[in-house]
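Chemist: Sequence first, then the predicted structure:
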Amino acid sequence: MDFNLSEEQQMLRDAANRYVREQYGFEARRRLQAAGDASTPHWAQYAEMGWLGLGIPEDFGGLGCGFVETALVAEELGRALALEPYIGCAVLAARLVETADAPVFASQRRGELLEAMAGGVLQIALAHSEPAGRYELDAASTIARAEGDGFVIEGTKLMIPGAQGADLFIVSAQVDGEGLALFLVDKGAATLHGYPLIDGTLAADLELRSVYVAADARLTAPGSGLAKLEEALDRAALAQVAEALGCMEAVLDTSSEYLKTRQQFGQPIGRFQALQHRISEMFVEVQETRSILYRGIASLDGAPALRRQAVSAAKVLLASSARFVGGQGIQLHGGIGLTDEYPIGHYYKRLLALTTLYGDGEWHLGRFVEAQRETAA
């Protein structure tokens, strides 16, 4: 794998970095968070710059780029502590729509949905987690029973990131005799209970009570739902590693600058060897996270077992690295690191959220072991 960015990729990275520095400063982010509004002016800008269509094929209004470009943008959005559900919509939901294989849906709705998503006029969120399901993908108790020409869906979904701003939901449900399937559900057809997460982003629970959907709302053919969901979630989890990498780099940069300017005993505290060692350890954790992200990207389009192994390895490492880098950032800043007016605490909260969404370190460790056994067999 060539780790050097192409000219186009470097231009994309520079443009994203410039945008978040000039248009998405920390104070601007705090105002958006305080407003608690699911719709922000940045989403239209993301679409205008092509970020929402990076992974969408050109035939459907996207740019048809690889995952590297998505990771570059996610990393810069991590630096900005972006509140918008970029990964949940532009990576996860877009992938599920793109790979949908239900004959009726694929022939009628795929193109129009992807074009609307790339244009920033449509947001879709995945509704999969349930009260007793934890991270297991096949543990959904929501059911979809055939009725007339469509289906009636019953169940409850928990903690859907970006739900308040979504126009449609991709709902996972068990179909009798077929297993897990995915359905598109209009926002107005279900009951939404919204709340903020620890990092200031918005999420919601979804109640589906006898919600009827037409036949063309089904995304997956019988027997393919679980595999489609797992593949898309792996891409989203890896994009979150890239976002967390951006957060960790920002913590490292902010902490290094603070050590150069904070005076103690008549000199910058950065001259103290013990603090230099902490910064060095943080640097190593950041570089290890970048390396394992590269490994995940290289394995993303490989055999399913190898993909699962690489993605879970990245999430396991992130679980420890994110806590260490975020925690050390607060320690190096002292009391100011805990205040709401300073960014370090916000980065720590965002890192905590990223380590648990789409599977925490403990769950991914078990999944890594299973995948390793499968590849060794």
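Modeler: Yep, that arrived. A quick note: this is a predicted structure, and the numbers were derived from the prediction, not measured. Numbers count the residues shown, from 1 in each chain.

Chemist: The stretch 51-200 of the chain: helices as residue ranges?
Modeler: With DSSP state H, counting those that start in this stretch as the criterion, the stretch 51-200 of the chain has helices at 67-80, 86, 94-98, 103-108, 110-118.

Chemist: how about those, which one is nearest residue 180?
Modeler: Between residue 180 and the helices of the stretch 51-200 of the chain, the tightest spacing by C-beta to C-beta is seen for helix 94-98, at 12.4 Å. Backbone N, C-alpha and C define where each C-beta goes, glycine included.

Chemist: Pull the number of nearby residues for residue 180.
Modeler: 24 (other C-beta atoms under 10 Å).

Chemist: my read: it touches residue 228, true?
Modeler: No: in this structure residue 180 lies outside contact range of residue 228 using C-beta atoms under 8 Å: 9.2 Å.

Chemist: shared neighbours of those two, anything?
Modeler: In terms of C-beta atoms under 8 Å, 6 or more residues apart in numbering, residue 180 and residue 228 are both contacted by the residues residue 220.

Chemist: any idea how far residue 331 is from the residue nearest to the spatial centre of the chain?
Modeler: In the chain, the residue lying closest to the centroid (C-alpha atoms, centre = their mean) is residue 87, at 3.9 Å. For residue 87, the distance to residue 331 equals 29 Å [C-beta to C-beta, to the nearest Å].

Chemist: one step back: mind checking pLDDT for the residue nearest to the centre of the chain?
Modeler: The per-residue pLDDT reported for residue 87 equals 97.

Chemist: Can you name the residues that contact the residue nearest to it when sequence neighbours are not counted?
Modeler: Excluding the flanking residues, the one nearest residue 87 by C-beta to C-beta, 6 or more residues apart in numbering is residue 239, at 4.7 Å. For residue 239, the contact set (C-beta under 8 Å, 6+ apart) comprises 67, 70, 71, 74, 87, 91.

Chemist: if we go to 10 Å?
Modeler: 55, 67, 70-71, 73-75, 77-78, 86-88, 90-92, 293, 296-297, 358 (C-beta atoms under 10 Å, 6 or more residues apart in numbering).

Chemist: How about residue 289?
Modeler: Residues in contact with residue 289, defined by C-beta under 10 Å, 6+ apart, are 241-242, 244-245, 248-249, 314, 317-318, 320-322, 325.

Chemist: Output those in JSON lines; the columns should cover pLDDT, secondary structure and neighbour count.
Modeler: Output for the contacts of residue 289, formatted as JSON lines (pLDDT from 0 to 100; DSSP: H, G, I helix; E, B strand; the rest coil; neighbours: other C-beta atoms under 10 Å):
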{"residue": "241", "pLDDT": "97", "secondary structure": "helix", "neighbour count": "28"}
{"residue": "242", "pLDDT": "97", "secondary structure": "helix", "neighbour count": "27"}
{"residue": "244", "pLDDT": "98", "secondary structure": "helix", "neighbour count": "29"}
{"residue": "245", "pLDDT": "97", "secondary structure": "helix", "neighbour count": "27"}
{"residue": "248", "pLDDT": "97", "secondary structure": "helix", "neighbour count": "29"}
{"residue": "249", "pLDDT": "97", "secondary structure": "helix", "neighbour count": "21"}
{"residue": "314", "pLDDT": "97", "secondary structure": "helix", "neighbour count": "29"}
{"residue": "317", "pLDDT": "97", "secondary structure": "helix", "neighbour count": "20"}
{"residue": "318", "pLDDT": "97", "secondary structure": "helix", "neighbour count": "27"}
{"residue": "320", "pLDDT": "96", "secondary structure": "helix", "neighbour count": "14"}
{"residue": "321", "pLDDT": "97", "secondary structure": "helix", "neighbour count": "24"}
{"residue": "322", "pLDDT": "96", "secondary structure": "helix", "neighbour count": "27"}
{"residue": "325", "pLDDT": "97", "secondary structure": "helix", "neighbour count": "28"}
